[in-house]
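Student: Could you look at this predicted model? Sequence included:
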Amino acid sequence: MILSTLGIDADQETARLALRGPDWRRGMGPSPVDRWVKDLYGLRAVWRNNGTGALMKALVSNGFAPMVTQWLQDPWISRVSHWRIVRGYDDARGVFYVNDSMLGRNVALPYEWFDRNWQPFSYRYMVIYKPEDEALLRAILGPEWSERTMRERYYERARSEAR
């Protein structure tokens, strides 16, 4: 789904096998994505923890399609971790619009639900991008382009949320 936003027609099964392996029950971590998209498509990928709703809005507003890891449903229904793509938002309605391989396109997720089901995954997000867009992406992420800075800020956030 994410590659289609960049104009690339890729088979989902091919991506699944490359990034998750043959066991369909196994999830996809973000680590192998950068090498895979670079080798096959000349793209890049970066992932970080400590995402925020404001950051997702800034990325979307600047033409990026960030992926987030969340529970597929509320965790008391099922505990399936799942990647979905943030495609838009509506502050008046208080929702993010996501494309989701299980739920469909333009699914509205209320901000509160979005955050509650994102927090257990350390607010992890990933952006797949064209190399020529890296300077813009770095500017949007600011100091959190640095993995070390991102981790320090996330640890502080986690401590404050625990209080």
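Tutor: That came in fine, so what should we check first?
Student: Quick check: L137 vs L43, distance?
Tutor: According to CB to CB, to the nearest Å, L137 and L43 sit 12 Å apart. Bear in mind the C-beta positions are built from the backbone N, C-alpha and C, glycine included.
Student: got it, and K130?
Tutor: 6 Å.
Student: So for those two, which residue has more residues nearby?
Tutor: When neighbours are counted by other CB atoms under 10 Å, K130 and L43 differ, and L43 comes out ahead with 20 against 14.
Student: residues contacting the more buried one?
Tutor: Neighbouring residues of L43 by CB atoms under 8 Å, 6 or more residues apart in numbering: 6, 8, 37, 128-131.
Student: tell me, what residue is most central in the chain?
Tutor: Residue closest to the average C-alpha location in the chain (CA atoms, centre = their mean): M67, at 2.1 Å.
Student: Just list whatever residues bridge to that one.
Tutor: Beta-bridge partners for M67, by DSSP bridges, are I85, M126.
Student: what residues are up against it?
Tutor: Contacts of M67 by CB under 8 Å, 6+ apart are 2, 83-86, 125-128.
Student: Next: A58.
Tutor: Counting by CB under 8 Å, 6+ apart, A58 makes contact with I140.
Student: all strands for the chain, in order.
Tutor: Here the chain has its strands, by DSSP state E, at 44-48, 67-71, 81-90, 95-100, 104-110, 125-129.
Student: Out of the ones you listed, flag the one nearest W145.
Tutor: Proximity to W145 (CB to CB) singles out strand 44-48 among those, at 7.8 Å.
Student: quick one: average pLDDT of that closest one?
Tutor: Across strand 44-48, pLDDT averages out at 95.
Student: Can you get me a residue count around W71?
Tutor: 20.
Student: Okay, the residue in the chain sticking out farthest from the centre and A45: tell me how far apart.
Tutor: Using CA atoms, centre = their mean, the residue of the chain lying farthest from its centre is R163. It sits 26.6 Å away. According to CB to CB, R163 and A45 sit 34 Å apart.
Student: Go ahead and confirm F96 touches G88.
Tutor: Yes: F96 is within contact range of G88, at 7.3 Å (criterion: CB atoms under 8 Å).
Student: So for the two, which sits in the more crowded spot?
Tutor: Neighbour count, other CB under 10 Å: between F96 and G88, F96 has more, with 25 against 16.
Student: among the helices and strands of this structure, which has the poorest mean pLDDT?
Tutor: One helix or strand of the chain scores below all others by mean pLDDT, DSSP states H and E: helix 12-20, with a mean of 61.
Student: quick one: which of the contacts of L43 has the most company?
Tutor: Within the contacts of L43, most neighbours by other CB under 10 Å means I128, with 25 neighbours.
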